[in-house]
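Student: sequence first, predicted coordinates after that:
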Amino acid sequence: MIEVIKKGLETSVQDYPGRQGYWDQGFPPSGPMDNWSFRLANRLVGNSENDAGLECQYMGPTLKFEYDTVIAITGADMQAKLDDGPIERWTNIKVCKGQVLHMSFVKGSGARAYIAIAGGLATEPWLGSRSTFHKAGVGGMEGHAIQEGQKLPVNAPSSEQMELGNTPRRVNPECMPRFSENKTWEVEVVKGPNDDWIDDEGHQRFIESNWKLSAKSDRTGFRLDGPDWTFTNKAFEKSLEHGTEPSNIIDQGYPIGAINLAGQTPIILMNDGPSMGGFINPYTVPTVGFWKLGQAKPGDTIRFKVVTVQEAQDLRKTVNELCTENSII
């Protein structure tokens with residue numbers, strides 16, 4: 001067991017790829033926002049990339065270990081210490097019974113850190129996943145972020161995993177995600193499914209503009225502040241059942257990563273987003289771009305780059321190759 005001394009800010013149990021196959025019933029996948037960092041953390045401790053770990057947002061937790069194990073921390077720098085000694089990210093760390101992991105506010109670039117524990121967290125799965133879906137109160141620890149005083153159940157590490165803890169293991173620097181140093185993130189987008197509702201000027205403005213990530217953002221949706229959109233005649237000549245706003249449409253299914261245009265406000269539908277609604281989606285962020293959004297802070301700038309579906313799939317394959325055991329040295 002692991003005792004939660006301090007909970008941090010919305011520290012939650014997640015697994016990869018999350019809750020699959022229930023999108024048509026309104027249950028999103030959830031899972032880690034930056035699955036690249038998450039998967040590498042699991043590799044460092046000898047887990048499967050699918051094992052459950054902790055996602056820490058902006059400020060990490062304080063945890064007391066009641067047994068000997070091996071951990072790894074990846075993602076943003078939350079100034080982790082084991083007892084009173086600072087510890088590195090992107091490497092495996094042997095932990096002895098009674099030691100305490102302290103994490104603080106994020107320092108520098110990035111917004112989320114990930115903690116993998118050898119054996120993986122053993123919370124009760126819900127619809128095939130341990131990932132926390134906060135707004136429905138399912139998965140994770142009683143459906144919500146971890147709380148002070150809770151005991152996190154963990155699968156016992158194997159003897160092989162404990163042996164790995166005796167040898168330093170690191171992520172090859174060439175296989176790590178590159179965090180923005182200037183608070184600007186270039187995020188891939190694919191046109192559609194409703195790109196024909198936006199005119200040429202509107203498309204050009206979207207691609208050429210700086211978009212600010214609003215503080216009114218969470219795992220459901222990332223709200224962006226920027227210029228107004230302009231529309232084709234289709235948005236004004238539609239029948240009344242589509243709604244009065246140019247961005248209204250008869251309720252339709254939303255793809256994960258859709259840039260949902262609510263009036264003039266684009267909202268990127270994230271891991272816990274809705275599966276349908278009555279707004280158009282001129283662009284979609286492919287899953288390969290999610291890790292960047294997961295590491296962006298409110299106030300950071302996002303610029304979009306249009307790619308084809310094939311290019312997005314090729315980029316995803318590249319990231320998948322960087323998350324294998326071959327990335328550990």
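Tutor: Arrived safely.

Student: which residues in this protein form helices?
Tutor: For the chain, the helices defined by DSSP state H cover 35-44, 159-164, 200-208, 290-295, 309-322.

Student: which strands and helices lie in contact with the second one?
Tutor: For helix 159-164, the elements it packs on are strand 69-75, judged by 3 or more CB pairs under 8 Å, 6 or more residues apart in numbering; DSSP states H and E. Where C-beta positions appear, they are placed from N, C-alpha and C, glycine not excepted.

Student: who touches the strand it packs on?
Tutor: 34, 37-38, 40-42, 44-46, 56, 80, 87, 89-95, 101, 103, 110, 112-119, 154, 157, 161-162, 164-165, 171, 295 (CB atoms under 8 Å, 6 or more residues apart in numbering).

Student: quickly run through the sheet partners of that strand, with directions.
Tutor: strand 92-95 (antiparallel), strand 112-117 (antiparallel) (DSSP bridges).

Student: buried stuff in the longest one?
Tutor: Across strand 112-117, burial judged by 16 or more other CB atoms under 10 Å covers 112-117.

Student: any idea how this protein splits into domains?
Tutor: 2-169, 184-322 (automatic domain parsing).

Student: deepest of the ones you listed, which one?
Tutor: domain 2-169 (a mean of 20; mean count of other CB atoms under 10 Å).

Student: kindly check the end-to-end length of that domain for me.
Tutor: Start and end residues of domain 2-169 are separated by 23 Å (CA to CA, to the nearest Å).

Student: and what of stretch 77-86?
Tutor: End to end - CA to CA - stretch 77-86 spans 11 Å.

Student: can you check stretch 262-270 too?
Tutor: 15 Å.

Student: show me where the stretch 1-150 of the chain has strands.
Tutor: Assigned strands in the stretch 1-150 of the chain, in chain order: 2-6, 12-14, 53-57, 62-65, 69-75, 81-82, 85-86, 92-95, 100-102, 112-117 (criterion: DSSP state E, counting those that start in this stretch).

Student: what is the end-to-end distance of stretch 167-177?
Tutor: First-to-last distance for stretch 167-177 - CA to CA - comes to 24 Å.

Student: give me the nearest residue to Gly149, chain neighbours excluded.
Tutor: With sequence-adjacent residues excluded and distances taken as CB to CB, 6 or more residues apart in numbering, Gly149 is closest to Val4, at 6.5 Å.

Student: quick one, what contacts Asp218?
Tutor: 270, 272.

Student: could you measure from it over to Ser12?
Tutor: 12 Å (CB to CB, to the nearest Å).
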